[in-house]
Structure formats: structure tokens, C-alpha cells
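Q: predicted model and sequence follow; I will ask about them next.
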Amino acid sequence: MPYAFGAGQKAATYLQPGRIGYSNTAQGGLDQVIGCIRYDYTPSGAKDALSVTGSGVLQMGFFIGTNSASLNSNVKVTIDGNIVLNETKSGSIANEGMIQVGSWYFSNGSYTYITSDSVPFNESLVINVTCDNAAHYYYRYYKN
């Protein structure tokens, strides 16, 4: 079968729900420490933390609350027009955030563990979040 030049990598069709990341302290400044972009969510309904057109790779994405009142959270990831994850968590996401891509562990600034994945998209990537209280969405992606 001939190779089709210009065809992108096969886009993800599913992301595993129920993944958590741990933090036992406030997350201020972590975007610089772990090389991510931080979206500051303020509670007023669902909002796009990230919306990209074109092709690229999502390497990291996680949603974590700013305090214990960060309850009833939802993350929806849409790749190339297909919902690949629509996850809701009813408990606090302050110390155990919701991870969509990659992994993360942070302990009082003395130990940080982070890994990246490669989740390709060919046409678009949208990450939509909601929470009862303020929260942060951290992400890292590259466009082709």
C-alpha cells in the first residue's frame, strides 16, 4: 500500500478516564517548573481551556483545583471533532487532580515527577473544563 504524503498520524479515538495526579501543596508557579501552560479556570460554567485548529501532538493535560472546595469537575477532550474523553469527578480535585495525558506528582516543591505522552490530532483539539470552584488546567502541546 503506498504511503499518502501529507496524511497525519492516526488521531486518538479514546483517552483513559480515572487517572489522577497528586499534589500536596498549592500549584503556584508549577507551569514554569514543569514546562506547561496554565489556564486559570474561574467558576462560571464550561470553558475551553485549550482550542487549537490544525495538526499537532498533545503531550500533557491535567485539571487540578486550587482548594478543597474544587468539587464537581468535568473535563471533555475533543480530537478532530470526536469526543475522546468526557469525565466527571464529584470529589475534590485539590490534591488529586484529573489527568488526561501524561502523569504528575508534586510534593512541597521538593519532589516533582512528570512524564509526557504523545496524543496526535490532525484537524483540531478542544479541551473543555468546568468546576464548582477555581482550578487550573495545565497543558503542553505542539503544532505541526
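A: Sure, I can see it.
Q: okay, stretch 37-48 in CSV with CA atoms only?
A: Written as CSV, here are the backbone C-alpha positions of stretch 37-48 (Å, rounded to 0.1, in the frame of the first residue of the first chain):
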residue,chain,number,x,y,z
ILE,A,37,0.9,26.4,30.1
ARG,A,38,-1.5,27.1,32.9
TYR,A,39,-5.1,28.1,32.2
ASP,A,40,-6.8,29.7,35.2
TYR,A,41,-10.4,28.5,35.4
THR,A,42,-13.0,30.7,37.2
PRO,A,43,-16.3,29.1,38.1
SER,A,44,-19.0,30.2,35.7
GLY,A,45,-19.8,27.2,33.6
ALA,A,46,-17.9,25.2,31.0
LYS,A,47,-15.0,26.9,29.3
ASP,A,48,-12.4,25.9,26.7
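Q: any idea how far the residue nearest the centre of the chain lies from residue 68?
A: Nearest to the mean C-alpha position of the chain, counting by CA atoms, centre = their mean, stands residue 61 at 2.2 Å. In this structure, residue 61 lies at 23 Å from residue 68, with CB to CB, to the nearest Å as the measure. Heads up, the C-betas are built off the backbone N, CA and C, glycines and all.
Q: hang on, the earlier thing: for the record, mean pLDDT for whichever strand or helix holds the residue nearest to the centre of the chain?
A: Secondary structure here is read from DSSP states H and E; on that basis residue 61 sits in strand 56-65. Mean pLDDT, taken over the full extent of strand 56-65, equals 93.
Q: ranges for the helices of the protein?
A: Chain-ordered helices for the chain, with DSSP state H as the definition, fall at 30-34.
Q: got any ranges where it has weak pLDDT?
A: 1-8, 24-30, 32-33, 107-113 (pLDDT under 70).
Q: can you pull out the strands in it?
A: Counting by DSSP state E, the chain has strands at residues 20-23, 37-41, 47-53, 56-65, 73-79, 82-89, 96-101, 103-107, 111-115, 119-121, 124-130, 135-143.
Q: dump those to a markdown table, plus distance to residue 14.
A: Written out in a markdown table, the entries for the strands of the chain read as follows (distance: least, CB to CB, whole Å):
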| stretch | distance to residue 14 |
| --- | --- |
| strand 20-23 | 18 |
| strand 37-41 | 23 |
| strand 47-53 | 19 |
| strand 56-65 | 14 |
| strand 73-79 | 10 |
| strand 82-89 | 6 |
| strand 96-101 | 11 |
| strand 103-107 | 18 |
| strand 111-115 | 19 |
| strand 119-121 | 10 |
| strand 124-130 | 15 |
| strand 135-143 | 18 |
